[in-house]
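Asks: turn this into a structure:
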Amino acid sequence: MACAAVGTHFRTNAVEASGKDKLTAHYLGGRAFGPLLTAGTMFASLFSGYTVVGVPNEAYRTGWLALRWIPSVLIITFGYMGTGPRLRKAGLVRNHQSPVDFMTDRYSSQILRYTTVFLMLFPTIIYLVAQVTAIKSTFNSVFRLDEDAAWPVILIMFIILIFEWVGGLTSVALTDGVQGIIMTVAFMAIPFVIIRQYGGWNSLDFNEYPEPSFYQSPSGDNQWLFWNFTIVNFGFFSLPHLLQRTYSSGSMKALKGGYIALLIGPWIMMLPGIFMGTVGVQILADAGNPNPPNPFAAILEEMMNLGGFPEVVGIIAFTSSLAGIMSTADSLIIAVSQVISSELVYPFRPNATPTFVTLVGKATSLITVIVALLVGLFFNQGISQLGAIQFAVSLQTVPMFLVGLFATNDRTDCHPWSLAAGGIIGAASSFILHFAYMDVPERVTFPLNTGVTSFAINIFCVAVSEAMRRMRFANGEQSITPLLGEVGEVLEADLYPNRPTWDKPSIQRFGAVPLTPRFMWSIMDGVYEPMTRPWYNFAVFVLVLVITPMIPENLPPLDESGIFAYAPAVVRGMPWWAFKAILFSLLLTITLIGAVVSIPNEFPIDRKKIEVEGIDPNTVPLTNEELGHRASYDGVNLGIRNRRSSIANTMKSRGMSLVKPDPYANLPAMRNLSNMVSSDLVEKLAKLEQMDPDIEELSEEELKMN
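Replies: Numbers count the residues shown, from 1 in each chain. Modelled structure (predicted):
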């Protein structure tokens, strides 16, 4: 890991030397992550320490109900792959860098922007503090140190910080890859050791099993919460450390590799952990240790006592638990650093250089680590309570993203204040529901999932706010869908009028025209997107329902001595409803993998249509060389401005101009219009002009066209 970090330092310096600004190099790795690096960092960031330690422990205590994690991860990926292509394409066209940039560009509202910042930062910081607690308990348990010893977690957190300082997101991604390999090796080996030494699910006898209730059908409350848990994690895609991966990938092909890694992940991480926990009940009962404080560690110790290969696997598994926690912690640190430096510091120092902002970001990382350590070490109980609602809070950003990404016109769009009101009220209801209801057992008459319930409240508030606004301005306010403006000139058209000026941030860095719903759809023209197909979303929803055990509860009944009234239905050693959940989860996985494969590896360019009809220059994506290059907070990207101006002039010379030429960049027209749009060819031509000896030669067809 240390070698990876040092190597990354030199790679980051090379990216900066190529012309990328410091912010892009540090926080997005130069936007050049390939399929393997993207898959590795996405895998390790999602499958955290809780996957390694928490899932086996949960399965030990609740049995096959822990299978809820498999469809939950699949739904996380469903949301991620459904929004990723749009966020990536918008990022390429509008030069988005920060996880909040899309929201700022799309709605141009300070109220919504800072609401989004809070809804991203709060759960991320709580999530980071939880990793501190997990590192402390895991490390001290593995090495049999005093459970209150603080120096190991302090040392580990500062090692993680140094990696982030040295190489930025690239360092984080490479170390994530190392950590992901360790986790994968451990969890692929554990089931084989357990089957060989103790037997598998088929070897369990439900009449002798120490927890016979695991073979009963779940209670009605647990079935309801199973479904709620699956749905609530849909909003993971809006967490800033996962949004960073969307922007840092070098291509859609790389992102697709990451999505497939996430879809395969539950089967090589979650299912072995559930197997370990459920079989571990019998293993520890036979060993005379039925109620250990940490079942995961106790099961591994039993394996290691066997010596030989099982001992090696146990050591790797212990290491993987730390690797899983560290891989999530480093991702969270750099995500918090970027959001704070880009959204809270840079706007107040708009003329600061990217280098200065990056230094502020590194200082922010240090402060974040110190705060996380102090809270995790001294206020653990309070953090455990907040941890119960962290993802419920992050879920409140989902309506903002979904409306922003998929609204088709003025009627389906929402005012930013309506969305902000829904997010704030939804987050507040998360706190109220948990601390005033769910956390008070005598008040709980019906189990509510805090996230799903607060999300429903959010949607209701947005609908009411939007209805009131539209009735109030029925004959006055009109939404504006501006025509194409001059390239390089920011239009002053306000999509959401009647707002004070302090609510309107400067957004000229994003482009010459506002990011309207129709503009959003225009840049996705010709791109296959599964989430825009109603039948696809319906199929996923139905599969989630089928996976959920919706059956009569607590069957077969147990008498007072723990004997079944009749034999439970068992398939391959597990309850039939658990087997059904695994089977349909596999079907959902195949469905989602098919959807990923159908997404194009690159965003298509219809060359014939462009040559005949032209193209809106404002929809032309930036090349990898043009991305970044911000001299100030809201500075215009001159590279893409000049190319779009040249495209406009070429179209005008052919008599098919859709826009006025840019008066500030009177560049000559070129012969072939479509080649000026193609990012790959533009980069090749730029290198050819510089007489780069390492340039990949243009094809004969490309040379003829130019």
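
Asks: only C-alpha atoms for contact and neighbour calcs from this point on.
Replies: Will do.

Asks: just the buried positions in stretch 403-412, please.
Replies: 403-410 (16 or more other CA atoms under 10 Å).

Asks: typo on my end, it should be stretch 633-640
Replies: Here stretch 633-640 shows 633-637, 640 as buried, counting by 16+ other CA under 10 Å.

Asks: one step back: could you identify the most distant pair in the buried residues of stretch 403-412?
Replies: 405 and 410 (13.1 Å; CA to CA).

Asks: how far away is residue 548 from residue 224?
Replies: Going from residue 548 to residue 224 by CA to CA, to the nearest Å gives 8 Å.

Asks: what secondary structure does the closest residue to residue 269 other than its chain neighbours sit in?
Replies: Nearest residue to residue 269, sequence neighbours excluded (CA to CA, 6 or more residues apart in numbering): residue 187, at 5.9 Å. Look at residue 187: counting by DSSP: H, G, I helix; E, B strand; the rest coil, its state is helix.

Asks: what's the neighbour count on residue 187?
Replies: The number of residues packed near residue 187 is 23, by other CA atoms under 10 Å.

Asks: got the contact list for it?
Replies: 268-269, 272-273, 317 (CA atoms under 8 Å, 6 or more residues apart in numbering).

Asks: residue 279 contacts residue 201, correct?
Replies: Yes. The criterion here is CA atoms under 8 Å, and residue 279 meets it with residue 201 at 6.7 Å.

Asks: which one's more surrounded, the two?
Replies: Using other CA under 10 Å as the criterion, residue 279 and residue 201 rank with residue 279 on top: 25 against 16.

Asks: how near is the more buried one to residue 296?
Replies: 11 Å.

Asks: kindly report the same for residue 409.
Replies: Distance from residue 409 to residue 296, by CA to CA: 52 Å.

Asks: just residue 138 next, same as before
Replies: Residue 138 is 10 Å from residue 296, by CA to CA.

Asks: same deal with residue 371?
Replies: Distance from residue 371 to residue 296, by CA to CA: 29 Å.

Asks: the two: who's more crowded?
Replies: A count of neighbours by other CA under 10 Å puts residue 296 above the other of residue 371 and residue 296, at 25 against 15.

Asks: for that one, which residues are in contact?
Replies: Taking CA under 8 Å, 6+ apart, we find residue 296 in contact with 53, 56-57, 277.

Asks: likewise residue 57?
Replies: For residue 57, counting by CA under 8 Å, 6+ apart, the contacting residues are 277, 294-296.

Asks: state the distance from it to residue 354.
Replies: Distance of residue 57 to residue 354, given as CA to CA: 45 Å.

Asks: where do the strands sit along this protein?
Replies: When assigned using DSSP state E, the strands of the chain occupy the ranges 570-571, 574-575.

Asks: thought residue 281 was touching residue 290, still the case?
Replies: Yes. Shown here, residue 290 and residue 281 form a contact pair, counting by CA under 8 Å, at 7.1 Å.

Asks: what about those two, which has more around it?
Replies: Between residue 290 and residue 281, residue 281 has the larger neighbour count (other CA under 10 Å), namely 22 against 16.

Asks: low-confidence stretches in the stretch 551-700 of the chain?
Replies: By pLDDT under 70, the weakly predicted segments of the stretch 551-700 of the chain are 657-676, 678-700.

Asks: wait, what's in contact with residue 598?
Replies: With CA under 8 Å, 6+ apart, residue 598 has these contacts: residue 528.

Asks: begin at 693 from here
Replies: In the new numbering, first residue 693, that becomes residue 1290.

Asks: from residue 845, how far off is it?
Replies: Distance, residue 1290 to residue 845, using CA to CA: 44 Å.

Asks: what does residue 808 give?
Replies: 31 Å.

Asks: quick one: which of those two has more around it?
Replies: Neighbours around residue 808 and residue 845, counted as other CA under 10 Å, are more numerous at residue 808. The numbers are 25 against 22.

Asks: which ones are touching the more buried one?
Replies: For residue 808, the contacting residues are 792, 795, 1089, by CA under 8 Å, 6+ apart.

Asks: am I right that the second one is in contact with residue 1094?
Replies: No. No contact is recorded between residue 795 and residue 1094 when judged using CA under 8 Å, the distance being 10.8 Å.

Asks: which one of the two is surrounded by more residues?
Replies: Each of residue 795 and residue 1094 has its neighbours counted (other CA under 10 Å); residue 795 has more, 24 against 13.

Asks: give me phi/psi at residue 890?
Replies: phi -120, psi -20 (degrees, to the nearest 10).

Asks: what's the separation between it and residue 1255?
Replies: 24 Å.

Asks: and what of residue 783?
Replies: Note on residue 783: its distance to residue 1255, by CA to CA, is 60 Å.

Asks: higher neighbour count, those two?
Replies: The neighbour comparison of residue 783 against residue 1255 (other CA under 10 Å) goes to residue 783, with 21 against 16.

Asks: the residue nearest to residue 1263 when sequence neighbours are not counted - how many residues pack around it?
Replies: In this structure, residue 1263 finds its nearest non-sequential neighbour in residue 1271, 6.5 Å apart by CA to CA, 6+ apart. Close neighbours of residue 1271, defined as other CA under 10 Å, add up to 18.

Asks: do the same with residue 730
Replies: Neighbour count of residue 730, defined by other CA under 10 Å: 29.

Asks: what separation is there between the residue lying closest to it once chain neighbours are set aside and residue 1015?
Replies: Nearest residue to residue 730, sequence neighbours excluded (CA to CA, 6+ apart): residue 950, at 5.6 Å. Here residue 950 is placed at a distance of 19 Å from residue 1015 (CA to CA).

Asks: just residue 969 next, same as before
Replies: Relative to residue 1015, and taking CA to CA, residue 969 is found at 20 Å.

Asks: got it, and residue 1267?
Replies: 33 Å.

Asks: my guess is residue 941 contacts residue 719. True?
Replies: No. Using CA under 8 Å, residue 941 is not in contact with residue 719, being 11.9 Å away.

Asks: let me see the contact set for residue 1115.
Replies: Taking CA under 8 Å, 6+ apart as the test, what residue 1115 contacts is 807, 811, 1088-1089, 1150.

Asks: so which of the residues you listed wins on neighbours?
Replies: Most surrounded of these: other CA under 10 Å gives residue 1088, at 33 neighbours.

Asks: what's the per-residue pLDDT of the closest residue to that one other than its chain neighbours here?
Replies: The shortest distance from residue 1088 to any residue other than its chain neighbours is 5.1 Å, reached at residue 1115 (CA to CA, 6+ apart). Residue 1115 carries a pLDDT value of 97.
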